[in-house]
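**Student:** 3D model of this:
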Amino acid sequence: MIEKHHWFGRWLESRLPRPRLRKEANGFPKRLVKRVVVFGRMPNPTFDYYFRARLQASDMPPFDAVDIYDTAVADLDPDGVFAVVCRYASAAVLQWIERHAERLSGVGLFLDDDIPAVVTGRGAELRYRLFLYYRALWPLLRLNDHLDVVWASTPQLASRLRDSRALVLPPAPPQALWRRAPSEIEARGPTCRDVLIAYHATGIHLEEHRFLRPIVEEVLRRRPNASFEVFADRRARPIWRGLGRLRIREPLPWADYVADSEGRRIDVMLVPLAPSHVNDSRASTKRIDVARYGAAAVFSEGPAYGLAEDGDEVRLPYVATAWRDAVLQLIDDRSMRMQLAAATRRAVLQMSSAADTGLDIFKPGYGNA
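**Tutor:** Model (predicted):
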């Protein structure tokens, strides 16, 4: 049955709309870019992690971030605008692009997920999969006639978008979105023996919840000074019932999630990724959340976070005993936690530095402009 579903899912995935550039596109704006308008579900992490800092760099034109449900979309001035569709488009956004195509400097699409694989997989709720189809895939039937460039968050995702000649655009968050003051980094000092462990997941990581549940249960049994916090939706919540020293939280809207880190610290954050077609295309954005909370992290080994021998962070195969032992060691070794937290901050600082040069495509004189 599993093989049959797998075959059917791949077949269905191959039939879903995919991005492709318009016939005359060459990866450049059609004319001088006077302004950039990024459409998406605002506020959202995708815009903040990939575009905000780049568009704030020197030599960039003015920009606006516009929610796809904004009733004022139709009134936007299109003259010289390069429109970026950040994952999602609404009917109003598509109509605006079609109506003003000749006045726009260009249209781009950014993707940070293998959306057809998510839609045809079983990891996400049906409601979310339908949303992805109607807001991310169906719009391509109209948007593809206008696309000048497509960006993908990882080389793996770009390789799955070959027909669109996708360019890789890795995450580059503003430092203000993750960097903590030294006083906050040291907030849980050496006299504090209590250790807070957390797993902050979205609703499409049900397998990872199942993977972590027995690991966390044993860790809490063996270390009475540890407690655990998990973000879990209605499908994942039952997995965690029955544990003591556990706080189950509802997933937060993006702005609330950013604010959640203010004034508090997490000691250890778990970032597992089950081996899957979808996860192979993921970027390392969870590093940014780890840095924001000042945490030490245990990452899954793989395309997103690298191999075990890469760098100074902990990356592990998807093996329960390895994760259990690593978490127990981090609970007992505060010095190691501090070293790992610093290593992740260095990695995220390197991400942020990539935004300093902005995006060449929007600079005067680039390409045909």
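**Student:** show me where pLDDT drops low in the stretch 101-250 of the chain?
**Tutor:** For the stretch 101-250 of the chain, the stretches with pLDDT under 70 are 181-192.
**Student:** can you classify A308 by secondary structure?
**Tutor:** Secondary structure state of A308, per DSSP: H, G, I helix; E, B strand; the rest coil, is coil.
**Student:** likewise for G123?
**Tutor:** Assignment for G123 (three-state DSSP): coil.
**Student:** so V85 sits in a helix?
**Tutor:** No. Counting by three-state DSSP, one finds V85 to be strand, located in no helix.
**Student:** so what's it up against?
**Tutor:** F39, G40, V93, V107, G108, L109, F110, P139, L143 (C-beta atoms under 8 Å, 6 or more residues apart in numbering). All C-beta spots, glycine's among them, are computed from the backbone N, C-alpha and C.
**Student:** strands of the protein, start to end?
**Tutor:** Listed in chain order, the strands of the chain (DSSP state E) span residues 35-40, 63-67, 81-86, 106-111, 149-152, 167-168, 195-200, 226-231, 246-249, 268-271, 296-300, 314-316.
**Student:** between these, which one is closest to A53.
**Tutor:** strand 63-67 (11.4 Å; C-beta to C-beta).
**Student:** tilt between the closest one and strand 81-86?
**Tutor:** 50 degrees (axes from the mean of the first three to the mean of the last three C-alpha atoms, to 10 degrees).
**Student:** within the sheet, what are the partner strands of strand 63-67, with directions?
**Tutor:** strand 35-40 (parallel) (DSSP bridges).
**Student:** got the angle between the strand it pairs with and strand 106-111?
**Tutor:** Using the same axes, to 10 degrees: strand 35-40 against strand 106-111 is 30 degrees.
**Student:** show me the contact partners of strand 35-40.
**Tutor:** 46-47, 51, 55, 60-68, 73, 76, 80-89, 93, 362.
**Student:** average pLDDT across that strand?
**Tutor:** Taken as a whole, strand 35-40 has an average pLDDT of 98.
**Student:** can you redo the strands of the chain as TSV with distance to S261?
**Tutor:** Formatted as TSV, these follow (distance: least, C-beta to C-beta, whole Å):
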stretch	distance to S261
strand 35-40	22
strand 63-67	21
strand 81-86	23
strand 106-111	25
strand 149-152	27
strand 167-168	28
strand 195-200	10
strand 226-231	12
strand 246-249	13
strand 268-271	11
strand 296-300	14
strand 314-316	21
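**Student:** right, and those strands - which one's nearest I215?
**Tutor:** So among the strands of the chain, strand 268-271 is nearest, using C-beta to C-beta, at 8.4 Å.
**Student:** tell me the strands beside that closest one, with direction?
**Tutor:** strand 195-200 (parallel), strand 296-300 (parallel).
**Student:** show me how far the first one is from its chain's centre.
**Tutor:** The one in question is strand 195-200. 19 Å (C-alpha atoms, centre = their mean, to the nearest Å).
**Student:** quick revisit: buried among the contacts of V85? Make that a PyMOL selection.
**Tutor:** The PyMOL command for the buried members of the contacts of V85 (criterion: 16 or more other C-beta atoms under 10 Å) is given here:
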select buried, resi 39+40+93+107+108+109+110+139+143
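**Student:** now do the contacts for the residue nearest the centre of the chain.
**Tutor:** Central residue of the chain (C-alpha atoms, centre = their mean): T285, 5.0 Å from the mean position. The contact partners of T285, by C-beta under 8 Å, 6+ apart, come to P45, Y49, D112, P171.
**Student:** ramachandran angles for the last one?
**Tutor:** Backbone torsions for P171, taken as degrees, to the nearest 10, come to phi -60, psi 140.
**Student:** that one contacts D289, correct?
**Tutor:** No. P171 is not in contact with D289 according to C-beta atoms under 8 Å; the separation is 11.3 Å.
**Student:** surely T344 and V290 touch.
**Tutor:** Yes. Counting by C-beta under 8 Å, T344 does reach V290; the two are 5.1 Å apart.
**Student:** any common contacting residues for those two?
**Tutor:** Common neighbours of T344 and V290 (C-beta under 8 Å, 6+ apart) are A297.
**Student:** state the distance from F131 to I331.
**Tutor:** 39 Å (C-beta to C-beta, to the nearest Å).
**Student:** give me the more crowded residue out of the two.
**Tutor:** Between F131 and I331, I331 has the larger neighbour count (other C-beta atoms under 10 Å), namely 21 against 15.
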